[in-house]
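**Q** Dropping the sequence and predicted coords here.
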Amino acid sequence: SWILPIPGLGSIANMLGDGYLKYQAYPIGTPHSSVADFQFTLPEFAKLTVEGYRADAMSLDLSRFERRGGKLIIYHGGYDQAIPPSGTVDYYQRLAQRSGGLLRTQQWARLFVVPGMYHCGGGDSLAMVDPTRELVAWVENGNAPDRITATGVQPRTTVTRTRPVFPYPLRAKYTGTGDVNDAANFAAAPTIVPPDHDIVTWAGVYLHHIPGPTVR
C-alpha cells in the first residue's frame, strides 16, 4: 500500500507527498506543488526549508538535553516501509561525531535498529519492541541499556520469537546452540560494515545545523 495504488485512493507515499507539498511545505501565500510537478532540484529543495525546519527534528545540538541529565533511546524498524532506517543511523552517527565520539554519546543516547520490524511495529519476523522499561531504569537507576528484547508474534498476540537488539553498531549473532527463536541463544557481535560507512551525504545535510523544531 505504500507503493502500489489502493483503488480509489492511490498509494500512501503519493498521498503523503502531495499532502505535504500542497498544505505544509511552502510558506503561506506561495504556490503549492505536488509530487507530479515538483522540480527535484537543489533550489526547489531549498524552498522547503523555510517551513520545513519548524517541524524537522534534525538538529544535532542536543547539548542542553545532555547537560540536564537527559537519557535518549532511539529505535527504528530495520524494515520500515515509510522512513528509511539509514536516515536514523546517519543522524546518530553525526550526533556521535558532534558529541565527542560514539562511546561518549552512548553515555546518554543509544540507538537500536530492530531487524525485520516495520514502521513502529509489525513485520514478518520481529514485530514488537518497547524500550520503556529500559529507559526508566536508565533515568532512575543509571542502568544504561545493553540490549532490548524484540518479539515476533503470530498471528497477532502469540509470541513466536524473541531476539536481543544491541546498541548500534553491535549486532546479534547466534551462539550456535539452542533454539534460534530464543533471545537467550544470541550474543552481541561487532558490526560487519565500519560504522563510518553509514554516513549519507545528501542535499539536506545543512538541515542538521539549523535549530529546530520551533514554535510560533
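**A** Alright, I've got the coordinates.

**Q** Please count neighbours and contacts with C-alpha atoms only from this point.
**A** OK.

**Q** how about residue 135, what does it touch?
**A** By CA atoms under 8 Å, 6 or more residues apart in numbering, the contact set of residue 135 is 71-73, 145.

**Q** Residue 103 falls within a helix, correct?
**A** Yes. The assignment for residue 103, made by DSSP: H, G, I helix; E, B strand; the rest coil, places it in a helix.

**Q** which residues touch the residue nearest to residue 149 when sequence neighbours are not counted?
**A** Counting by CA to CA, 6 or more residues apart in numbering, residue 149 lies nearest to residue 164, which is 4.6 Å off, once chain neighbours are set aside. If a contact means CA under 8 Å, 6+ apart, then residue 164 has 147-150, 172, 183-184, 186-187 as its contacts.

**Q** Angles on the backbone of residue 164, please.
**A** Recorded main-chain torsions at residue 164 are phi -70, psi 140, according to degrees, to the nearest 10.

**Q** and if you look at residue 144?
**A** phi -70, psi 130.

**Q** got a list of contacts for stretch 113-132?
**A** When contacts are taken as CA under 8 Å, 6+ apart, the neighbours of stretch 113-132 outside the stretch itself are 73, 75-83, 85, 148-153, 161-163, 165, 167-168.

**Q** Quick check: end-to-end length of it?
**A** 16 Å (CA to CA, to the nearest Å).

**Q** for that stretch, which positions count as buried?
**A** 113-123, 125-129, 131 (16 or more other CA atoms under 10 Å).

**Q** How about stretch 69-82?
**A** Of the residues in stretch 69-82, those scored as buried under the neighbour-count criterion (16+ other CA under 10 Å) are 71-73, 75-81.

**Q** what mean pLDDT does that stretch have?
**A** If you average the pLDDT over stretch 69-82, you get 94.

**Q** Got the phi and psi for residue 186?
**A** In this entry, residue 186 is assigned phi and psi values of phi -130, psi 150 (degrees, to the nearest 10).

**Q** what's the burial count for it?
**A** Number of residues near residue 186 (other CA atoms under 10 Å) recorded here: 22.

**Q** Contacts for the lengthiest helix in the chain next, please.
**A** Counting by DSSP state H, the longest helix found in the chain is helix 85-98. Residues outside helix 85-98 that contact it (CA under 8 Å, 6+ apart): 58, 60-61, 76-79, 102, 104-105, 111, 113, 195-196, 198-200.

**Q** go again using 6 Å as the cut-off
**A** 60, 78, 102, 105, 198-199 (CA atoms under 6 Å, 6 or more residues apart in numbering).

**Q** mind checking how far it is from the chain centre?
**A** On the basis of CA atoms, centre = their mean, to the nearest Å, the separation between the geometric centre of helix 85-98 and that of its chain is 9 Å.
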